[in-house]
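S.K.: Mind looking at a prediction? Sequence and model below.
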Amino acid sequence: MESSSSNNNNNSTGLPKVGSRFESDGSYGTVKFVGTLQGFKPEGTVWVGVEWDDIKRGKHDGVYQGIKYFECEKKPNAGSFLKPEKVSQGVSLLAAVEEKYGDKKYDEENMYVLSVREQVVPVQFVGKQSAFDWYSNLSKLSILGLPGMKISHINPAPSISSCITNVTELDLSSNLLFLWHDIFNLANQLPRLKLLNLSFNKLSRLSQEMVHPEKTPFSQLRILVLNNTQITWGEVEILNKILPVIEELHLVKNGIQRFEGDENNTTLQTLRLLNLETNGIDDWVSVWKRFHYLPNLESLILNDNNLKGIFVPPSDNSGLGFSSLQSISLNHNQISSLETLSVLNKLPKIQSLRISNNPAFAGMRTYASRLLIAGRIASLKVLNGSDVSKKEREEADQQYLRDIHIEVLRATSNNDTNNNNNAGASSSDSEITQITQQITSQHSRYAELVEKYGVPEITLQSISQSTSEYVMVTLCHETGEVRKKVPPSLTIASLKHLVMRTFDLLENTEPTTKKEVSLLYLDPSLKKQDAMIYAEPLEGDSEQISYFGIKDGGLIIVKSE
């Protein structure tokens, strides 16, 4: 049964409005109902029905004694009925400014710090008068940080413009704002505003009728942060019309999964950074269609989504686009193919990539995956937050060239095998050339790498032999260093035993007090001082050392515990 008063928008003094935001005991939510509950004694008692942001605070879905008073939109059973005095409706912006930046009285007799022995040491407030003068003169403030101040509404004009008119950066995250009318009112009163953070304010729906492009309230705004505000992409497009100079747009965790737009859309032309983390995006084509033609986009952040790859849509002849893109972040997606790396290599200005925690690199050691990725993207300078060194670049390029050559050798060898089985003849030169061209055409860097390093002098026989030969490594312990030849088939458990014997770590120990060792591997292309950054832990006692790509000249660092 539905309550006839479930949508009552009470304007009585002291009572919140339906749709407004509130705070209670440190938790936030949205007011969904204000009125009486049938059957509750004494009659006439006013209750506030709320939907909590934190579902754990909820008790029901707006139902009391079988009557439904409101619906929980986002999460079922996130509702409660509260007494009005438990609902904080927040404060105005200027009240929050005064609370944080206004002239406060300090009791210097009670100003102290605790020494290392927890003794009270009195301190003197140096520069007290100048500090008070500064904060008392709010018009001088250019940066305001007001997160979590329970701001629910904006003072009408010209209250703000006459008090804090010089503000250029404003952080209003985690407050109780919900009306776009308030946001536009604020922007009109702060004409110098360049950065605005509204994250974690559950904003109401934005319609086309609320926006008037000719007024451009955000005429100077460069950075807009709207993380976790419930904004939709359709609403972002409406906002774009009044963001003439926007350079950074942050839209984390809004559930935006699809984008619409084409090259005739003239908004976002000044955009340099777009942050779309944690939105559940699984359609790269949608991302590509809306953003690939933006002329100034330098950084695209797509971490924590569900993208399976980056590619050029086959139905489009305009190429990959993203002509200015220098950095792309793809951590924690579902990328499973290395083809994505070849596509990224086509970006003319790409320099930085984050792509950790994707299925394509599952089970790979960090340094091995770095070589694989860097080798496929020629212009890459920063990978997963670390610089690609000159040595690393050379090794990555040569490893990639070697991998391509091995792929060619195996493909032509398999073709020979098939021919011998079918007709008793080996592949012709033309067949080998055709197979080689087919494979190398899939690797855009092949010609460039051959010109730089030449064709690798390896054969299938040498590859086969290298897997069975011993490798020379240096075992490094705090007591010294020892060179050892070990087979690639040696397990980590056996290597640990070898290490413990080599450095007398087994001597005079009881089974109950047996020492343990941990091993790290440093590639021979790296210097010993790089160990803290690049050394790989050798974990998994049953794994063979070949799994970790251990090479001649490699360093095994031994840490005894």
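M.R.: On my side now, so go ahead.

S.K.: so what's the closest residue to G540 other than its chain neighbours up against?
M.R.: Closest residue in space to G540, ignoring its immediate chain neighbours: I492 at 6.0 Å, by CB to CB, 6 or more residues apart in numbering. C-beta: built from backbone N, CA, C; applies to glycine. Neighbouring residues of I492 by CB atoms under 8 Å, 6 or more residues apart in numbering: 519, 538-545.

S.K.: I'd like the distance between K349 and H212.
M.R.: In this view, K349 and H212 are 37 Å apart by CB to CB, to the nearest Å.

S.K.: same deal with S560?
M.R.: 71 Å.

S.K.: Just want to know which of those two has more residues nearby.
M.R.: S560 (14 against 11; other CB atoms under 10 Å).

S.K.: what bridges to that one?
M.R.: Applying DSSP bridges to S560 gives these bridge partners: V517.

S.K.: tell me the contacts of it?
M.R.: 477-478, 503, 505, 515-517 are the contacts of S560 under CB under 8 Å, 6+ apart.

S.K.: where's the closest residue to I281 other than its chain neighbours, which helix or strand?
M.R.: Sequence neighbours aside, N305 is the residue nearest to I281 in space, at 4.1 Å (criterion: CB to CB, 6+ apart). Counting by DSSP states H and E, no helix or strand carries N305.

S.K.: hang on, isn't N305 packed against I335?
M.R.: No: counting by CB atoms under 8 Å, N305 does not reach I335; the two are 10.2 Å apart.

S.K.: hang on, the earlier thing: if I look at the residue nearest to G540, how far off is A531?
M.R.: 18 Å.

S.K.: what's the answer for L409, then?
M.R.: Distance from L409 to A531, by CB to CB: 34 Å.

S.K.: Next: L297.
M.R.: 38 Å.

S.K.: who's more crowded, the two?
M.R.: More neighbours surround L297 than the other of L297 and A531, with 22 against 16 (other CB under 10 Å).

S.K.: Provide a list of residues in contact with that one.
M.R.: Residues in contact with L297 (CB under 8 Å, 6+ apart) are 271-274, 291, 322, 324-325.

S.K.: hang on, the earlier thing: among the contacts of I492, which one is most surrounded by other residues?
M.R.: I545 (23 neighbours).

S.K.: Next, work out how far apart it and G255 are.
M.R.: 46 Å.

S.K.: How about G49?
M.R.: G49 is 24 Å from G255, by CB to CB.

S.K.: Same drill for the two, tell me which one is more crowded.
M.R.: More neighbours surround G49 than the other of G49 and G255, with 26 against 14 (other CB under 10 Å).

S.K.: Show me the beta-bridge partners of the more buried one.
M.R.: Counting by DSSP bridges, G49 forms beta bridges with F33, F81.

S.K.: what about P217, neighbour count?
M.R.: With neighbours defined by other CB under 10 Å, the count for P217 comes to 20.

S.K.: can I assume it is in contact with D182?
M.R.: No: counting by CB under 8 Å, P217 sits too far from D182 to count as a contact (11.7 Å).

S.K.: low-scoring stretches of this structure, by residue?
M.R.: Within the chain, the segments meeting pLDDT under 70 span 1-13, 103-137, 261-263, 315-318, 414-428, 460-469, 507-515, 561.

S.K.: So for it, the centremost residue is which one?
M.R.: Central residue of the chain (CA atoms, centre = their mean): N303, 4.2 Å from the mean position.

S.K.: wait, is E98 part of a strand?
M.R.: No: applying DSSP: H, G, I helix; E, B strand; the rest coil, one finds E98 to be helix, outside a strand.

S.K.: what number of residues lie near it?
M.R.: 15.

S.K.: Rebuild the contacts of S560 as CSV, extending it with distance to Y69.
M.R.: Shown next, in CSV, are those (distance: CB to CB, whole Å):
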residue, distance to Y69
H477, 71
E478, 70
F503, 74
L505, 71
K515, 67
E516, 62
V517, 65
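
S.K.: Those residues: which two are farthest apart?
M.R.: Spatially, the most separated pair among the contacts of S560 is E478 and E516, at 15.0 Å (CB to CB).

S.K.: can you pull out the strands in the stretch 151-300 of the chain?
M.R.: 151-153, 169-171, 195-197, 223-225, 248-250, 273-275, 299-301 (DSSP state E, counting those that start in this stretch).

S.K.: which of those strands is buried the deepest?
M.R.: Neighbour counts (mean count of other CB atoms under 10 Å) averaged over each of these peak at strand 151-153, with a mean of 23.

S.K.: In its sheet, which strands sit next to that one, and in what direction?
M.R.: strand 91-92 (parallel).

S.K.: what about the longest helix seen in the chain, distance to the chain center?
M.R.: Counting by DSSP state H, the longest helix found in the chain is helix 390-422. Put simply, helix 390-422 sits 35 Å off its chain's centre (CA atoms, centre = their mean, to the nearest Å).

S.K.: Please spell out which residues along the next helix or strand after it are buried.
M.R.: Following helix 390-422 in sequence order, the next helix or strand is helix 429-440 (DSSP H and E). Residues of helix 429-440 classed as buried by neighbour count (16 or more other CB atoms under 10 Å): 432, 435-436, 439-440.

S.K.: So which of these is the closest to N264?
M.R.: Distance to N264 across the buried residues of helix 429-440 (CB to CB) is lowest for T440, with 39.0 Å.

S.K.: Quick check: phi and psi on the residue nearest to the closest one when sequence neighbours are not counted?
M.R.: Nearest residue to T440, sequence neighbours excluded (CB to CB, 6+ apart): Y446, at 4.3 Å. The phi and psi torsions at Y446 (degrees, to the nearest 10) take the values phi -60, psi -50.
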